[in-house]
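In: Build me a structure from this.
(2 chains)
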There are 2 protein chains.
Amino acid sequence: MNSNIKVGIVGYGNLGKGVQKAIGQNPDLELVAIFTRRDPQQMPEVSGVRFEHISAAEQYIGKIDVMILCGGSATDLPEQTPQIARLFNTVDSFDTHAKIPEFFEQVNEAAQAGGHVSVISTGWDPGLFSMNRLLAQSILPEGHDYTFWGKGVSQGHSDAIRRVPGVKAGVQYTIPVQEVIDDIRSGSTPELTTREKHIRACYVVAEEGADQEQIRQTIVSMPNYFADYDTTVTFITQEELDAEHSGMPHGGFVIRSGVTGNGSRQIIEFGLKLDSNPEFTASVLVAYARAAFRLSGEGQQGAKTVFDIPLGYLSPKSAEELRRELL
Amino acid sequence: MNSNIKVGIVGYGNLGKGVQKAIGQNPDLELVAIFTRRDPQQMPEVSGVRFEHISAAEQYIGKIDVMILCGGSATDLPEQTPQIARLFNTVDSFDTHAKIPEFFEQVNEAAQAGGHVSVISTGWDPGLFSMNRLLAQSILPEGHDYTFWGKGVSQGHSDAIRRVPGVKAGVQYTIPVQEVIDDIRSGSTPELTTREKHIRACYVVAEEGADQEQIRQTIVSMPNYFADYDTTVTFITQEELDAEHSGMPHGGFVIRSGVTGNGSRQIIEFGLKLDSNPEFTASVLVAYARAAFRLSGEGQQGAKTVFDIPLGYLSPKSAEELRRELL
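Out: Numbering: from 1, shown residues only, chains lettered A, B, ... in the order given. Just a heads-up that it's a prediction; the model follows:
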């Protein structure tokens, strides 16, 4: 259909695959092509999907309304977003919190130069969690904020486990401490460090004949990664790892506990429980691609964040429908 | 300070008192006057507060940036919002869901005529809950929505209890069924009616010598109000009622359970646990008064809802600060 929003994907890792699937769940969006740095001829045959080399992107000007950038924040996005924002409206999930101000300025300049809209740093953190931190602080100016992550796989900590001698394979979950959450939900406002809010659970496949107690000691005493945390190590077989630990679950909570009037306690909580972290992040990116298209259609330009975009722009429904059905 | 946002309050019930307190928590807002239909001479002495008769509102044109309307949705707001929107920017908490489209049109016309911004139907439901319904549906187009209310006092049901012969006083709490919430949180998507999601707990002070069993039977079999619900009746003393049931707690949850990709289950949850329903609603209104002021300053006009307003407008912080601190 001509009225569909035409979308391109840049990058075909877990996130890019998630975006491809999410577009299939949104009838007003249409996938035009997936751009990759690999040889497009070597990409898998996927029904209805056209692969192109990233260098061919420019040929799609006028044929793609929004590019969803699915590269990583370390090296891909700092380079790709400013380049592509000169040519297309974009959406990305740049998530290096400390570098967001600088990234925003660079992307804003590029998007303004090209006359496009670039939604940066969306997903769930940064993204939905950021929105809830802002919302809750604005409503309850006197209060405490808590962000918990998990239960979810930490890639960096899983890599650290796998570097321990005698370890064949392993995965690490960050898990919020339930007692701390319950305490906050019931009105307490403790001062907490990240380590007091989370435990680290490791599932490890040892090599045959390896000393499990030695592996356990090496992991739990590893500085920076585990030494300061409550860390559990569970030995499992390769079969168990493959069967039970190959998913990419994640989630977490943003809780604000504040007071109003003469000490009335008010608690606002937002939580996610995700079977698939990349598929969920992808679904957020796709909703914001719709918003980018609409903002651009109104003549807006430059970099935008989740703080700048009215929620109504995320929905395929009209403002009248939203007021009637969802308000 | 001259740079403060100057606010007026219309109506001085629980909500108006809550707004007065909430303004005190926001240093960038300043309360100019409270307007009432009562005789301003008869209003209580409140330090630093000026009371005016509602008919004097027009004299405050140019002295008040935003009027926060704290009347009821049944008769006050349908009359007051369109009237005042011709003279000032306004914020209200109109909450008769079925009449919102009609109310929007009337207020929009008045606000456009006056060149003002009117934020209608904010608070927490409609308001924050509506925003979360919209956000979650936009991100997870395949899924089920659940809204639970409580634990909170239902005024209509409390009134019904008090009309039962032999009842001296009483209060009714609507309480979400914990088992149902747990079931949904763990991934189930049952079809549920409001009555299957909530129980009704009644705390009753009986008149001396009244037949408590008779009262209990009359309450639990009352059509529309209680007969179809799981209803508990607990008899307490007047002292217990005064000591433990004079607050106005409320809250609830909006949960969306959806799927992405090849069946990954994704759950988004937003919840509130409020010691004081009117004070919390008031705090939301005050944050939206800030937004109304800013939108008006940009030259916008007409009726707006929570779906139309970027979250950044709710915060006293600049866009740069928000990106640096909260994204």
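
In: Look at the closest residue to chain B within the stretch 101-250 of chain A and say how many residues are nearby.
Out: Taking C-beta to the nearest C-beta, chain B has its nearest neighbour within the stretch 101-250 of chain A at A:Ser138, 3.9 Å off. Placement of C-beta: from N, CA and C, glycine included. For A:Ser138, the neighbour count with other C-beta atoms under 10 Å in any protein chain shown is 25.

In: Am I right that it is in contact with B:Ser315?
Out: Yes - the criterion here is C-beta atoms under 8 Å, and A:Ser138 meets it with B:Ser315 at 4.6 Å.

In: which residues are common contacts for the two?
Out: When contacts are counted by C-beta atoms under 8 Å, 6 or more residues apart in numbering or on different chains, A:Ser138 and B:Ser315 have B:287, B:290 as shared neighbours.

In: List the neighbouring strands of the helix or strand that contains A:Ile34 plus their orientation.
Out: A:Ile34 is part of strand A:29-36 when elements are defined by DSSP states H and E. In the sheet, strand A:29-36 lines up against strand A:5-10 (parallel), strand A:51-53 (parallel) (DSSP bridges).

In: can these go into a markdown table with extra columns for mean pLDDT?
Out: Output for the strands paired with strand A:29-36, formatted as a markdown table (pLDDT from 0 to 100):
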| stretch | mean pLDDT |
| --- | --- |
| strand A:5-10 | 98 |
| strand A:51-53 | 96 |
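
In: Quick check: which of these is nearest to B:Gln212?
Out: The stretch from those with the least distance to B:Gln212 (C-beta to C-beta) is strand A:5-10; that distance is 63.7 Å.

In: CA atoms only for that closest one - export them in PDB, please.
Out: The C-alpha trace of strand A:5-10 is given here as PDB (Å, rounded to 0.1, in the frame of the first residue of the first chain):
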ATOM      1  CA  ILE A   5       5.400   4.000   6.300                       C
ATOM      2  CA  LYS A   6       8.400   2.700   4.500                       C
ATOM      3  CA  VAL A   7      11.100   1.400   6.800                       C
ATOM      4  CA  GLY A   8      14.800   0.400   6.300                       C
ATOM      5  CA  ILE A   9      16.900  -1.500   8.800                       C
ATOM      6  CA  VAL A  10      20.600  -1.000   9.200                       C
END
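
In: re the thing from before, now do the same for the residue of the stretch 101-250 of chain A closest to chain B: helix, strand or coil?
Out: helix (DSSP: H, G, I helix; E, B strand; the rest coil).

In: what sits against it?
Out: A:Ser138 touches B:287, B:290, B:311, B:314-316, counting by C-beta under 8 Å, 6+ apart.

In: Show the buried residues in those.
Out: Among those, those that count as buried by neighbour count (16 or more other C-beta atoms under 10 Å in any protein chain shown) are B:287, B:290, B:311, B:314-315.

In: Most widely separated two among these?
Out: It's B:Arg290 and B:Leu311 that sit farthest apart of the buried ones among the contacts of A:Ser138, by C-beta to C-beta, at 11.6 Å.

In: about what we covered before: what score does the closest residue to the residue of the stretch 101-250 of chain A closest to chain B other than its chain neighbours have for pLDDT?
Out: With sequence-adjacent residues excluded and distances taken as C-beta to C-beta, 6 or more residues apart in numbering or on different chains, A:Ser138 is closest to B:Leu314, at 3.9 Å. In this model, B:Leu314 is scored at 98, pLDDT.

In: Please tell me I have it right and B:Leu314 contacts A:Leu135.
Out: Yes - in this structure, B:Leu314 is within contact of A:Leu135 by C-beta under 8 Å, at 6.7 Å.
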